[in-house]
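Colleague: Need the 3D shape of this:
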Amino acid sequence: MSTPSEPGGEAAAPWQPLFEQAAAAMAILDLQGKYLHVNAAFCRMLGYRSDELIGHDYRSVTHPDDIDPDGPQEADEPLEKRYIRSDGTVIWALVSRTFIRDEHGEPVSFLSQSQDITRRREAELLWQRSFANAPIGMALLSLKGRWTEVNDTLCEMLGYSREELIGMHFSDITFEEEDDRGPALLDDLVHGVVESVSIEKRYRHKHGHPIWMLIRATAVPDASGEPAFVVSQYDDVVNAASPTPTWRSWRCTIRSPDWPTARCWPT
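Modeller: Take a look at the predicted model:
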């Protein structure tokens, strides 16, 4: 039996204006996954009219890879999924589902609320690809200085696998003879003394030889503005395994007009 608080009840009118005019994309589905009601925001999000959705299964507008194998389920946490719009484009949405229950507490339908997060997901994907494919070493570190994510370039520079570097502290592979200022600079980042740091130091390759690195690091804040993690970039400025010196090993100057050519000498 329906109650006044339930969509579809005899006294259902009070909830309908709120549902229809809600800024959030909302839909009510039966327990098999067919749309019973959809509001204007949900229609705008997917590019359909309400009559094109009502009576249809939610799977018809869900990306094939994101279809629930057991049908729609109530979830404690919102889930991220892809919808297919009427024009064929794919969007990402953050979806919350809750049961609508009768007076006996039995589920009679689902209330689904969706938020379009396509721009956020595209930004995340761009960052992931930029991080993974960067021609320089890149890493994420915890505020205590342990690597939580590293790219392939950094692994190749240091000779370690990703699995070996994750969880390692940067000081674990700092060259033994190095006057390591890293921990002090990390402390400055974590406590907001500086926004970014740049340091040249030696790391120890897995095979034992030193590698000169130019390291740039920036603290990334969380929603409260407090540092949450550190992003670092690594340039191998000297290949210590090679007898050929690179730009760090030489200092150049240009003299003119008496000495118009560049002259370099080892430092």
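
Colleague: Of all the residues in stretch 121-137, which ones are buried?
Modeller: Of all the residues in stretch 121-137, those buried under the rule 16 or more other CB atoms under 10 Å are 121, 131, 137. Every residue, glycine included, has its C-beta placed from N, CA and C.

Colleague: Narrow those residues to those in helices?
Modeller: When DSSP state H is applied, these are split such that 121, 131 fall in helices.

Colleague: what's the closest of the buried residues of stretch 121-137 to residue 208?
Modeller: When the buried residues of stretch 121-137 are compared for distance to residue 208 (CB to CB), residue 137 wins out at 18.9 Å.

Colleague: Identify the bridge partners of that closest one.
Modeller: As for beta bridges, residue 137 partners with residue 234 under DSSP bridges.

Colleague: again with the one 10 residues further on
Modeller: Listed beta-bridge partners, residue 147: residue 141 (assigned using DSSP bridges).

Colleague: What about it, how many residues nearby?
Modeller: By the criterion of other CB atoms under 10 Å, residue 147 has 23 neighbours.

Colleague: And the strands in the stretch 51-200 of the chain?
Modeller: Using DSSP state E, counting those that start in this stretch, the strands assigned to the stretch 51-200 of the chain run over residues 79-84, 90-101, 107-116, 137-141, 147-150, 196-204.

Colleague: Quick check: which of those is nearest to residue 61?
Modeller: Closest of the strands of the stretch 51-200 of the chain to residue 61 is strand 79-84, at 5.4 Å (criterion: CB to CB).

Colleague: tell me which residues in the closest one are buried?
Modeller: Of the residues in strand 79-84, those with enough neighbours to count as buried (16+ other CB under 10 Å) are 81, 82, 83, 84.

Colleague: likewise stretch 51-64?
Modeller: 52, 53, 57, 58, 61, 62.

Colleague: next one: stretch 14-21
Modeller: Of all the residues in stretch 14-21, those buried under the rule 16+ other CB under 10 Å are 15, 19.

Colleague: Determine how far it lies from the middle of the whole chain.
Modeller: Its chain's average C-alpha position is 35 Å from that of stretch 14-21, according to CA atoms, centre = their mean, to the nearest Å.

Colleague: Thank you, goodbye.
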